[in-house]
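Chemist: quick one: sequence and predicted model below, then my questions.
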Amino acid sequence: MNTHRLVLAPMQGLCDDVMRDLLTRIGGFDECVSEFVRITHTVHSRQTWLKYVPEIANGNRTYAGVPCTVQLLGSDAENMAVNALAAVRLGVDKIDLNFGCPAPTVNKHKGGAVLLKEPELIQHIVQTLRSALPPHIPLTAKMRLGFEDKSLALENACAIAEGGACALTVHARTKVEGYEPPAHWRWVRKIRDTVNIPVTANGDVFTLNDYIGIKAESGCDSIMLGRGAVMRPDLARQIAQYEHGTTVVEAQFSEVMDWIRLFFDLCLKKEANNKYPVARLKQWLGMLRKVYPEAQLLFEHIRTIKEAEVLEQALSQFEYTDKAIFI
Ligand SMILES: Cc1cc2nc3c(=O)[nH]c(=O)nc-3n(C[C@H](O)[C@H](O)[C@H](O)COP(=O)(O)O)c2cc1C
């Protein structure tokens, strides 16, 4: 039986609801996770939850019907539990906890990766949320291998499992390692062999070959794709084709161009204000150009454009063939 599972990574400031919508439409993903919702001392309003995770209003699914989990970040277990319950009352049906964010502002307030220095606190947070939430609401967690080093990796993973999380995602790097390659896929295997809950492996899957590599080294059937899915929007689709034993067909740039136009339309629909669609498209092209030379040409062409209407026109006029670009 084919048990593979592909999850789209939470990526604050990069994979918002529009990017999740687009990537899950392209296909291959079984689940996605929201950008982290930071919990401090307040309880978020309905408006705030829906701003961060509009999928809640659509039965916790993206337009394409892929389930979306809500991720929380914080260290005040009790208030996180109050917030999680408020989210569940709104209809949220799955919660993930962030124990990996490396951002200094977040860490300074005792959120994200800094918690990996304190496995007891991690266990307390997971346990508190598990006891507060109705039993049918799955609670999961995502961790890095540690803060400065990996000495507490297994202890933290056990704390998460013993706290009552039903699954764990491991980004195979410490906080200090940032996003520097390599990701330590072997470490995910150690964790997988230690805890009694399913483990999802994550880190540095940019191609189908990387996917084959992370599966072999980590021993996991469930893989999370982050930046690779943004840079190569059909990566999950290629992986699904590979797993289903059908021919793997890589997207041509003409198809990527259709996705670029759709993405821009979706951004405009979300916020017609010039800045958002223009900034989001430039950010995405900045990543696409690492894979597609055509995206580099488009990026150069639109780099100085500031108005959404002008950019929309440039996109509609951009054409690519083997020999020429007609703009
Ligand atoms: C811009 C950016 C924002 C991120 N935001 C989050 C987040 O909100 N929550 C989280 O758990 N991880 C976050 N991550 C980490 C990713 O989920 C993932 O673990 C990491 O990028 C490694 O996977 P990759 O090599 O496939 O990108 C973020 C990563 C990036 C690059």
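Modeler: Noted; the coordinates are in hand. Numbering: from 1, shown residues only.

Chemist: ok, the residue in the chain positioned nearest to the ligand - contacts?
Modeler: Minimum separation of the chain from the ligand (C-beta to the nearest ligand atom) falls at Gly226, amounting to 2.5 Å. C-beta coordinates here come from the backbone N, C-alpha and C atoms, glycine included. Listed by C-beta atoms under 8 Å, 6 or more residues apart in numbering, the contact partners of Gly226 are Ala9, Met11, Cys15, Asn202, Gly203, Val205.

Chemist: mind redoing it with 10 Å?
Modeler: 7-11, 14-15, 171, 179, 202-206 (C-beta atoms under 10 Å, 6 or more residues apart in numbering).

Chemist: which other helices and strands contact the one helix or strand Tyr242 maps to?
Modeler: Using DSSP states H and E, Tyr242 sits within helix 235-243. Judged by 3 or more C-beta pairs under 10 Å, 6 or more residues apart in numbering; DSSP states H and E, the packing partners of helix 235-243 are strand 5-8, helix 17-26, helix 208-218, strand 222-225, helix 227-231.

Chemist: Lys269 is nearest to which of the ones you listed?
Modeler: helix 17-26 (8.5 Å; C-beta to C-beta).

Chemist: pairing partners for the helix or strand that the closest one is followed by, with directions?
Modeler: Note on helix 17-26: by DSSP H and E, the next helix or strand toward the C-terminus is strand 31-38. Note on strand 31-38: by DSSP bridges, its sheet partners are strand 5-8 (parallel), strand 68-73 (parallel).

Chemist: before we move on, the earlier item: mark which of the contacts of Gly226 are buried, thanks.
Modeler: Neighbour counting with 16 or more other C-beta atoms under 10 Å marks 7-11, 14-15, 171, 202-206 as buried within the contacts of Gly226.

Chemist: and those as a markdown table, adding pLDDT?
Modeler: Formatted as a markdown table, the buried ones among the contacts of Gly226 follow (pLDDT from 0 to 100):
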| residue | pLDDT |
| --- | --- |
| Val7 | 98 |
| Leu8 | 98 |
| Ala9 | 98 |
| Pro10 | 98 |
| Met11 | 98 |
| Leu14 | 98 |
| Cys15 | 98 |
| His171 | 98 |
| Asn202 | 98 |
| Gly203 | 98 |
| Asp204 | 98 |
| Val205 | 98 |
| Phe206 | 98 |
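
Chemist: greatest separation within those: which pair is it?
Modeler: Pairwise over the buried ones among the contacts of Gly226, using C-beta to C-beta, the maximum falls at Pro10 and Phe206, 17.9 Å.

Chemist: just how off-centre is the helix holding Tyr242 within its chain?
Modeler: Centre-to-centre, helix 235-243 and its host chain are 17 Å apart (C-alpha atoms, centre = their mean, to the nearest Å).

Chemist: touching the ligand at all, it?
Modeler: No: Helix 235-243 stays clear of the ligand (C-beta under 6 Å from any ligand atom), getting no nearer than 9.6 Å.

Chemist: and that helix, average pLDDT?
Modeler: On average, the pLDDT along helix 235-243 is 98.

Chemist: next helix or strand past that helix?
Modeler: As assigned by DSSP H and E, the chain's next helix or strand after helix 235-243 is helix 253-270.

Chemist: pLDDT on that following helix, on average?
Modeler: Mean predicted confidence for helix 253-270 is 97.

Chemist: and the helix or strand that it is followed by, what other elements does it pack with?
Modeler: Per DSSP H and E, the first helix or strand lying C-terminal to helix 253-270 is helix 275-288. Judged by 3+ C-beta pairs under 10 Å, 6+ apart, helix 275-288 is in contact with helix 17-26, helix 227-231, helix 253-270, helix 293-302, helix 308-317.

Chemist: list the contacts for the residue nearest to Gly146 when sequence neighbours are not counted?
Modeler: Once flanking residues are discounted, Gly146 sits nearest to Thr174: 4.4 Å by C-beta to C-beta, 6 or more residues apart in numbering. By C-beta under 10 Å, 6+ apart, the contact list for Thr174 reads 100, 102, 113, 116, 144-153, 184, 187.

Chemist: kindly report the same for Glu243.
Modeler: Asn2, Thr3, His4, Arg5, Leu6, Gly28, Tyr211, Lys215, Asp221.

Chemist: are any of those residues buried, and which?
Modeler: Buried among the contacts of Glu243 by 16+ other C-beta under 10 Å: His4, Arg5, Leu6, Gly28, Tyr211, Lys215.

Chemist: would you reformat the strands paired with strand 31-38 as a markdown table and include distance to the ligand?
Modeler: A markdown table is the format used below for the strands paired with strand 31-38 (distance: least, C-beta to the nearest ligand atom, whole Å):
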| stretch | distance to the ligand |
| --- | --- |
| strand 5-8 | 9 |
| strand 68-73 | 6 |
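
Chemist: in a markdown table, list those along with distance to Ala167.
Modeler: As requested, the strands paired with strand 31-38 are arranged in a markdown table below (distance: least, C-beta to C-beta, whole Å):
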| stretch | distance to Ala167 |
| --- | --- |
| strand 5-8 | 10 |
| strand 68-73 | 10 |
